[in-house]
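[1] Mind looking at a prediction? Sequence and model below.
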Amino acid sequence: MTRLSGKTSDIVAVLDIGTAKTVCIAAARRAARSGVGAAAPGEAPLRILGIGHQQSRGVKAGAIIDLAEAESCIRATIAQAERMAGVTLESVFVSVSCGRLKSHNMTASADLAGGTVSARDVARLMSGARAYIERDGRRLVHLNRRAVHLDGTLCEGDLTNMAARHMSSAIHAVSADEAPVRNLMAVLERCHVGVAGCVVAPFASALAVTSEEDRQLGVTVIDIGCGTTKLATFSAGQLEFVRSVPLGSGLMTSDIARALHTPLIEAERIKVLYGNLLSARSDEHEGFSYPQAGMEEGLLQRATKAELASVLRSRAAEILQAVAFQPDGRRFAGGAGEAILLTGGGSLLTGMAEFASDVLQRPVRRGQAAEVSGLPPVARTLAFSTVTGLLFARDSLTGQPAGNADLGDDHSGGYMHRVGSWLKGGF
């Protein structure tokens, strides 16, 4: 193997540690110029080299609950991707869905003592923003700038050395509980893999199923995973809200297992083959056979599709309401005129988009998986939207702090240094 670094070479690696599966993709940046292997017009700038895919262990609702089990799974996943790619990965971009993700929309302000915009002013601005966010055991994991005003005037482009007495920036940030994020970093350290950057999972999932035009016009993406359901809202091309709840389609499988008294593996099979959230008269008569737990082999029980649908609809409504509505009944998802898209493995359940439309009282449609050349068929579904989106989010990380690659205690450098560099570039 050739030893390559995800930070300094043309190799990019992304890692999604989900409740049901752990996936690692290794890709190579395509050359910007023409020639063999160069990206054609309209083609993705990455060429897939290898993919690793394992059933997750030591993870629940997106959080690490067993370091040893999670380490073993992550090691096997990365090793599988390395063998296929023929490289050794030193660092990865990793998704974050743990730690009760919380959005912060605020305005950070600073007086410009020198009368012009300088790097020192930007550093003071961001230091104050981070200090505000990182209170009560929270950790900054995402930041994007929405607008910048100089003396009350909206400005764009490079503002370095522009004259003004006061600067303010509208900022959207995402924080997470510190302990779960540290556990995520700890397990990767045990795997001897560096973290090139962290990306909040709903942001990555949304990038995989939306276009730039979608995000400019306004769109909300709901990612129904196995252990968590995430929501991301974009307006005017900028991420403006995320939410994650520890409920997912895995609970539907558990509900089936309990209702029918059948093993979990059989309950998953029933959900995939016969699950339907739409009502039909024939469901009262159409049924399926299944083995009950503890019964003699060969003896089967029967249930109707209507009975199954009743179990599924109850849980699906709970999941959608939990992620899309505030406790007071106000809706998080889908402002006026905004599209609502579904992604994630749970969105593949028959009738989910129509059922979600009834629950949310808004038009809802299933997203379309992004076309990424070189991915095997198994990874070209909405169930892999988070890890696919990480490939797109990785481009954002190189130009702006869409994630947090340094979760240590050094506030003077690392991540915040990159945040300052990004804002200076914008100014």
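    Good, I have the coordinates. Numbering: from 1, shown residues only.
[2] Looking at strand pairing, list the partners for I51.
    Beta-bridge pairing for I51 (DSSP bridges): I25.
[3] dump the residue contacts of it.
    By C-beta atoms under 8 Å, 6 or more residues apart in numbering, the contact set of I51 is 23-26, 80-81, 84, 375-376, 379. Bear in mind the C-beta positions are built from the backbone N, C-alpha and C, glycine included.
[4] In ChimeraX, how would I select just the buried ones from those?
    Buried residues within the contacts of I51, by 16 or more other C-beta atoms under 10 Å, are selected in ChimeraX with:
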select :23,24,25,26,80,81,84,375,379
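[5] And R130, which helix or strand is it part of?
    Element membership of R130 [criterion: DSSP states H and E] is helix 119-133.
[6] Could you list every helix and strand that the helix or strand following that helix packs against?
    Sequence-wise, the next helix or strand downstream of helix 119-133 (DSSP H and E) is strand 138-150. Strand 138-150 sits against helix 119-133, strand 153-155, strand 166-177, helix 178-190, strand 194-200, strand 238-245, helix 414-426, with contacts defined as 3 or more C-beta pairs under 8 Å, 6 or more residues apart in numbering; DSSP states H and E.
[7] Just give me how far strand 138-150 sits from the chain centre.
    Computed by C-alpha atoms, centre = their mean, to the nearest Å, the chain-centroid distance of strand 138-150 equals 18 Å.
[8] ditto for stretch 299-306
    Distance of stretch 299-306 from its chain centroid, counting by C-alpha atoms, centre = their mean, is 37 Å.
[9] which residues does L112 contact?
    The contact partners of L112, by C-beta under 8 Å, 6+ apart, come to 118, 121, 164-167.
[10] Out of those, which end up buried?
    For the contacts of L112, buried by 16+ other C-beta under 10 Å: 118, 121, 164, 167.
[11] Serialize those residues to TSV and add fields for pLDDT and distance to S314.
    Listed next are the buried ones among the contacts of L112 as TSV, based on pLDDT from 0 to 100; distance: C-beta to C-beta, whole Å:
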residue	pLDDT	distance to S314
S118	78	58
D121	77	54
A164	86	56
M167	84	51
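[12] want to try a markdown table for those residues, with distance to E268 as columns?
    What follows is the buried ones among the contacts of L112, written out as a markdown table (distance: C-beta to C-beta, whole Å):
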| residue | distance to E268 |
| --- | --- |
| S118 | 58 |
| D121 | 55 |
| A164 | 59 |
| M167 | 54 |
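[13] Those: which two are farthest apart?
    Greatest spacing in the buried ones among the contacts of L112, by C-beta to C-beta: S118 and A164 (10.9 Å).
[14] residues near the nearest residue to G250 once chain neighbours are set aside, how many?
    In space, and not counting its chain neighbours, G250 is closest to C226: 4.2 Å by C-beta to C-beta, 6 or more residues apart in numbering. Per other C-beta atoms under 10 Å, the neighbour tally for C226 reads 24.
[15] Now do the contacts for C226.
    18-21, 248-250, 345-346.
[16] same deal with T19?
    Applying C-beta under 8 Å, 6+ apart to T19 gives the contacts 56, 59-62, 225-228, 248, 250.
[17] if you set the cut-off to 6 Å instead, what comes out?
    T19 makes contact with 56, 59, 226-227, according to C-beta atoms under 6 Å, 6 or more residues apart in numbering.
[18] how near is the nearest residue to K305 once chain neighbours are set aside to L273?
    What sits nearest to K305 in space, not counting adjacent residues and going by C-beta to C-beta, 6+ apart, is D283, at 4.0 Å. With distances taken as C-beta to C-beta, to the nearest Å, D283 is found 14 Å from L273.
[19] Out of the two, name the residue with the larger neighbour count.
    Each of D283 and L273 had its neighbours counted (other C-beta under 10 Å), and the higher figure belongs to D283 (18 against 8).
[20] you'd agree that one is in a strand?
    No - using DSSP: H, G, I helix; E, B strand; the rest coil, the assignment for D283 is helix, not a strand.
[21] and the gap between it and V311?
    D283 is 12 Å from V311, by C-beta to C-beta.
[22] In the stretch 1-150 of the chain, where is pLDDT below threshold?
    1-9, 30-45 (pLDDT under 70).
[23] what ranges do the helices span in it?
    In the stretch 1-150 of the chain, the helices defined using DSSP state H, counting those that start in this stretch lie at 67-85, 119-133.
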